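Novice: One predicted model, sequence on top.
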Amino acid sequence: MLHKKGLCWNGKWKAEHMKVRNDIKDFVITEMPNDTTSKEGMQADFRNFFEIIFPYYEHEEIDSASGEKKKVLPCYFLQFQHNCMEVPEVHEREKLEKFQRFLGCHPAFMSPAALSTLICHLYRDCDSLRKPFSTTWTMFEDSE
């Protein structure tokens with residue numbers, strides 16, 4: 001990531017500059033960076049990224065109260081957008097590295113199969129933490 005190298009685009013790149021390479025492992029922006037990295041510049045890059053990519057992930061939902069259709073994003077995209085605006089300062093190298101690692105592992109960038117597996121495992125794990133169903137009734141008590 002060029003942000004690590006001290007460079008950014010300050011949000012001045014377009015969809016045609018986005019490329020995915022190396023069997024979907026690398027995402028690059030082919031436009032030459034034009035600014036030195038700053039917190040504000042990285043935030044502008046992320047805002048531009050959201051504007052370009054989010055429409056591809058919108059889906060329609062029907063409001064249960066009004067019956068009206070509306071376009072919405074998966075909930076983790078909204079959280080991702082919020083998290084990206086909390087970019088650490090450039091001089092805080094350790095925080096910046098953790099932040100970039102966090103972005104790379106975010107559900108917004110997972111393949112559908114990996115995301116499905118994550119959700120299934122989370123559901124199973126949370127379900128296993130619930131208390132066993134407690135009841136005083138048993139099958140044999142009702143037979144009299």
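Specialist: Okay, I see it.

Novice: Who are the packing partners of the lowest-mean-pLDDT helix or strand in the chain?
Specialist: Ranked by mean pLDDT, DSSP states H and E, the weakest helix or strand in the chain is strand 35-36, scoring a mean of 78. Packed against strand 35-36, as judged by 3 or more Cβ pairs under 8 Å, 6 or more residues apart in numbering; DSSP states H and E, are the following elements: strand 7-8. No exception for glycine: its C-beta is placed from N, CA and C like everyone else's.

Novice: and after the strand it packs on, which helix or strand comes next?
Specialist: Following strand 7-8 in sequence order, the next helix or strand is strand 18-21 (DSSP states H and E).

Novice: Go through the next helix or strand after that following strand and flag the buried ones.
Specialist: Scanning forward in sequence from strand 18-21 by DSSP H and E, the next helix or strand is strand 26-29. If you call a residue buried by 16 or more other Cβ atoms under 10 Å, then strand 26-29 has these buried ones: Ile29.
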